[in-house]
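Novice: A structural model of the following input is requested.
(chains A and B)
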Amino acid sequence: MTEALLQVQGLKKHFPVTRGWREEKVLVRAVDGVDFSIRRGETLGLVGESGCGKTTVGRLILRLIDPTEGEVLFEGRNLASLEKKEIHPLRRFFQIIFQDPFASLNPRMTVSEIVGRPMEIHGLSERSRREEKVAGLLQSVGLMREHLGRYPHEFSGGQRQRIGIARALATQPSLIVADEPTSALDVSVQAQILNLLKKLQRDLGLTYLFISHNIGVVRHISDRVAVMYLGKIVEMGEKKILFRSPAHPYTKALLAAVPSLDPKRKRGEVILEGDVPSPIKPPPACRFHTRCSDALPKCREEEPLFHQIEDGRWISCHLYP
Amino acid sequence: MNPLLSVKDLKVHFLTAGRTVRALDGVSFEIEEGKTFGLVGETGCGKSVTALSVLRLIPFPPGKIMGGEIHFRGRNLLALSEDEIRSIRGREISMIFQEPMTSLNPVFRIGEQMSEVIRLHQGLAHSQAWAKAEEMLERVQIPDARRLAKQFPHQLSGGMRQRVMIAMELSCHPYLLIADEPTTALDVTIQAQILRLIKEMKKELHTSILLITHDLGVIAEMCDRVGVMYAGSIVEEAGVEEIFETPQHPYTQGLWGAIPRIDEEKEALSVIPGMVPDLSNPPAGCRFHPRCAHRFEPCDQSAPSLFSVGPGHRVACFLYGARRGHD
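Specialist: Numbers count the residues shown, from 1 in each chain, chains lettered A, B, ... in the order given. The predicted model follows:
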C-alpha cells in the first residue's frame, strides 16, 4: 500500500442560516464528521445525491471554505489549521475542475491568459516562456496551439472543460478535485473527457478526488469509492468489492435505483421511499434509519460508528457490528 | 390496428438572424395504443422539438413546421384550427416537462392549479374539481394529499412537484402523455420512484407515452420501442430489446459504447470523434458521415432512407441498403 497523499479526519462544516419570519438561527450540517484518505496516484470517487455534502467536502479539502472542525492533512500538513497566507504557496499542489464549463472560465480572458494565470500567480514561469508552456498544456488536453488567442465563447462545452483541465494542470499539482466535471456534457463528450482524465492520471501520476452523482461515471473512473448520505460517509471501499457486494442499506438502494442498460433485467424492488431529510435537523442516531428497510431498534437510539469491517472496507451501520 | 399517433416526414425549421436551422429533417414514427415510445439522443438532436411539434407548441417566429403530417386518432393535428388543437392539449394529449418548478405557477396553491385544469376540460364545479384534484394526488401516492393541495409549489421537493405534474396531466385521462426528460432534474432514488409511478399510471389508465430522454438507462427501463435521433432525424428505430442487443447504426453503436455502465468494467470508453454538426449548415448526404468510421462513397452524396434490417428494426444507413436516397 502506498502512502496517503491526503488524510481527512473528523471533518465538519456547519453553515449558519436564518429561517422564517422570526429569523430563527439554525445550522445546516452540510458535512458532519467525515474520515477518509487518498493514496498517491489513486482516484477516490465521492458519490451521493444532491445535498449530501459531497461538493462541500471538495471545497473544504482545498480550503476554499473554512471547516468548522476536523483535520485535512496534505502531505502531513494540516491545511485546516494553517493561516490563509501559509496556504497560498501550497495551493499550486491542489487544484480543482468545476462542473459548469460555461461559468468557470472568465469570458473576457483568452485561453492563453486563463491557462497562464496560475503560472503567473505562483511564479512558475517567466513571461517569455509562458506561452510555450501553455501551448504544451493545450496539446496535452487535446486542444491546439491555434486556440491560444481565442475566448471561451468560441468553444463547445467539451472543449471548455478541456481548457478547465489545462488550467488545473498549469501548476503541476499532485491532487485534483474534480467536482462533477462531466455532468453538464452529453454522453459522447463525457466519454472523451473521462478518457482524457484517465490518460492524464497515467502520464502525470495525478491523484483525483472525483465527485459525482452519476454512479456509472464514478464506477468507471475510481479505484475506491465513498458513498455519502446527509453529511456523512456511510460506506467506503475498493470499487470492485463495493459494486459487487454493497453492504450498507443505502448503498444497496442507491445502486438498485440506477436504471440498467439491459431492458430484460428487471429492477430489484429496493426502491427507497420518501425524500432525503433536511440537513438542518437530520434524524437522530443513524441518519438513514427513517428510510431504511432493515432498521433495528438500536438504529433509532445510537449513532453507528464509521468502522472497518474487512481490509479497506469501511461502513457506518449497526447491521455490521 | 391503427397507431394512436403517427408522425410522417415532419420538418421543422428555425429562422434566426438570416440563418435557417433545419432542426427536424423528416422525422417519422408511430406510437401504438398503450405503448411507450422513447426518443433518445444528445443535446440539439431535435427530440424536444419533435415533442413540441406534436402539440403545435413550436413558437413562431422563429420556429416553423415546414412539412409533414401528424395523425392522432384519425385527425391531422397540423391541419387543425387553433381552437381545435387547444381542445386536444391537456385533454387528449398532455405533457410533463423536465423542470417541475417552472411548469407550476408559483403564486397558486397546488389544488387551485390542478382544479383549474379539471374545470376547464371536464366542466366540473369548483368544489367537485378540488375534490377530484385531491383524489388524483392520492393516486400518485402523495401522503396527506388534502394538506398538500393547500400548499404552494415552493413548499414541495422536486420529486413531489413531479408527482403533482403527473397527477395534473393524468387528471383528464389523456390518450397520450408526452414526457420530456421527466426525471432529469431528479436524484436517482427519486427518479426510480417517479419512473415506477409513470409505469403504474400507464397500466391503470392505459395511456400511451412518448418519452424523451438522453438517458439510455431510462429508455431501457420504460420503453417498448425506441427511436435514436441524430442531428434532426431518426437514424435507427427498433424494439427496446433489439436495439440494446444489436444496435446497427454507427451512431447508435458509438453512443452505446460511450456510456460508463454500473454493471460492467471497461478500461476506455468508446468515443465518437468530432462534434455534432451546425444544423444551419448541415453536412451533405448523411448528416453523420463526417464522424463515421464506416463511411463510403454514397454517404456524402445523398441522405439514406430507413432500411429494414429485421422485423420492426429500421436503420438510416447505406451499410444496410442499396443507395436509393432522394438527391
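
Novice: who are the neighbours in contact with B:V315?
Specialist: Listed by Cβ atoms under 8 Å, 6 or more residues apart in numbering or on different chains, the contact set of B:V315 reads B:235-236, B:248-249, B:306-307, B:309. Placement of C-beta: from N, CA and C, glycine included.

Novice: so what's the backbone phi/psi at it?
Specialist: The phi and psi values for B:V315, taken as degrees, to the nearest 10, are phi -140, psi 130.

Novice: if I look at it, how far off is A:P16?
Specialist: In this view, B:V315 and A:P16 are 59 Å apart by Cβ to Cβ, to the nearest Å.

Novice: One more: B:A293?
Specialist: Taken as Cβ to Cβ, the span from B:A293 to A:P16 is 56 Å.

Novice: do B:A149 as well
Specialist: B:A149 is 34 Å from A:P16, by Cβ to Cβ.

Novice: With B:V12 instead?
Specialist: From B:V12 to A:P16 the distance is 51 Å (Cβ to Cβ).

Novice: now swap in A:G10 and tell me
Specialist: 20 Å.

Novice: B:V12 and A:P16: who's more crowded?
Specialist: Using other Cβ atoms under 10 Å in any protein chain shown, the more surrounded residue of B:V12 and A:P16 is B:V12, with 23 against 9.

Novice: Over to that one. Which of the three states is it?
Specialist: Three-state call for B:V12 (DSSP: H, G, I helix; E, B strand; the rest coil): strand.

Novice: where's it relative to chain A, distance?
Specialist: B:V12 is 21 Å from chain A, where distance means Cβ to the nearest Cβ, to the nearest Å.

Novice: Is that residue in contact with B:G26, as I believe?
Specialist: No - distance between B:V12 and B:G26: 10.2 Å, which falls outside the contact criterion (Cβ atoms under 8 Å).

Novice: element containing the residue nearest to B:T36 when sequence neighbours are not counted?
Specialist: Closest residue to B:T36 apart from its sequence neighbours, by Cβ to Cβ, 6 or more residues apart in numbering or on different chains: B:I209 at 4.2 Å. For B:I209, the host element (DSSP states H and E) is strand B:208-213.

Novice: surely B:L197 meets B:V140?
Specialist: Yes - between B:L197 and B:V140 there is a contact under Cβ under 8 Å: 6.0 Å.

Novice: any shared contact partners between the two?
Specialist: Contacts common to B:L197 and B:V140, judged by Cβ under 8 Å, 6+ apart, are B:163, B:166.

Novice: Mind checking which of these two has more residues around it?
Specialist: In terms of neighbours (other Cβ under 10 Å), B:V140 is the more surrounded of B:L197 and B:V140; the figures are 22 against 19.

Novice: Show me what from the stretch 201-327 of chain B comes close to chain A.
Specialist: B:214-218, B:220-221, B:223, B:240-241, B:244, B:254-263, B:265-266, B:268-272, B:275 (Cβ under 8 Å from any Cβ of the partner chain).

Novice: In strands, which of these appear?
Specialist: The members of those all map outside strands under DSSP state E.

Novice: where exactly do the strands run in the stretch 101-250 of chain B?
Specialist: Here the stretch 101-250 of chain B has its strands, by DSSP state E, counting those that start in this stretch, at B:176-180, B:208-213, B:225-230, B:233-239.

Novice: Pairing partners for the second one, with directions?
Specialist: Read it as strand B:208-213. When sheet partners are counted by DSSP bridges, strand B:208-213 sits next to strand B:36-40 (parallel), strand B:176-180 (parallel).

Novice: how close does the nearest residue to A:H147 once chain neighbours are set aside get to A:A135?
Specialist: Using Cβ to Cβ, 6+ apart and skipping the chain neighbours, the partner closest in space to A:H147 is A:V111 (5.3 Å). Note on A:V111: its distance to A:A135, by Cβ to Cβ, is 10 Å.

Novice: Could I get the contacting residues of the residue nearest to the spatial centre of chain B?
Specialist: Against the mean C-alpha coordinate of chain B, by Cα atoms, centre = their mean, the closest residue is B:I212 at 2.9 Å. B:I212 is in contact with B:38-40, B:47-48, B:50-51, B:178-181, counting by Cβ under 8 Å, 6+ apart.

Novice: Taking these together, which two end up most distant?
Specialist: B:V40 and B:I178 (14.6 Å; Cβ to Cβ).

Novice: What about B:E245, how many residues nearby?
Specialist: 12.

Novice: Equivalent analysis for the one 10 residues further on, please.
Specialist: B:L255 sits with 26 neighbouring residues when counted by other Cβ under 10 Å.

Novice: isn't it right next to B:V228, touching?
Specialist: Yes - using Cβ under 8 Å, B:L255 makes contact with B:V228 at a distance of 7.2 Å.

Novice: Reformat the strands of the stretch 101-250 of chain B into JSON lines and put mean pLDDT next to each item.
Specialist: What follows is the strands of the stretch 101-250 of chain B, written out as JSON lines (pLDDT from 0 to 100):
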{"stretch": "strand B:176-180", "mean pLDDT": "95"}
{"stretch": "strand B:208-213", "mean pLDDT": "96"}
{"stretch": "strand B:225-230", "mean pLDDT": "97"}
{"stretch": "strand B:233-239", "mean pLDDT": "96"}
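
Novice: closest one to B:G67 among the ones you listed?
Specialist: Of these, nearest to B:G67 by Cβ to Cβ is strand B:233-239, at 13.4 Å.

Novice: So what touches the closest one?
Specialist: B:24-29, B:39, B:46, B:224-229, B:243, B:247-249, B:251-252, B:287-288, B:303, B:306, B:310, B:312-317.

Novice: is it true that A:A257 touches B:A192?
Specialist: Yes - at 4.0 Å, A:A257 and B:A192 qualify as touching, with contact defined as Cβ under 8 Å.

Novice: any common contacting residues for those two?
Specialist: In contact with both A:A257 and B:A192: A:271-272, using Cβ under 8 Å, 6+ apart.

Novice: Looking at A:V111 and A:A135, which is more packed in?
Specialist: Just comparing A:V111 and A:A135: by other Cβ under 10 Å the higher neighbour count belongs to A:V111, 28 against 18.

Novice: Helix, strand, or coil at the residue most central in space within chain A?
Specialist: Against the mean C-alpha coordinate of chain A, by Cα atoms, centre = their mean, the closest residue is A:I211 at 2.7 Å. The three-state label given to A:I211 by three-state DSSP is strand.

Novice: Could you measure from it over to chain B?
Specialist: 15 Å.

Novice: right, and that residue touches A:V177 too?
Specialist: Yes - using Cβ under 8 Å, A:I211 is in contact with A:V177, at 7.0 Å.

Novice: shared neighbours, the two?
Specialist: A:G58.

Novice: Before we move on, what's the pLDDT of A:E24?
Specialist: Per-residue pLDDT puts A:E24 at 86.

Novice: let me redo that: B:R109
Specialist: Reading off the model, B:R109 has pLDDT 95.
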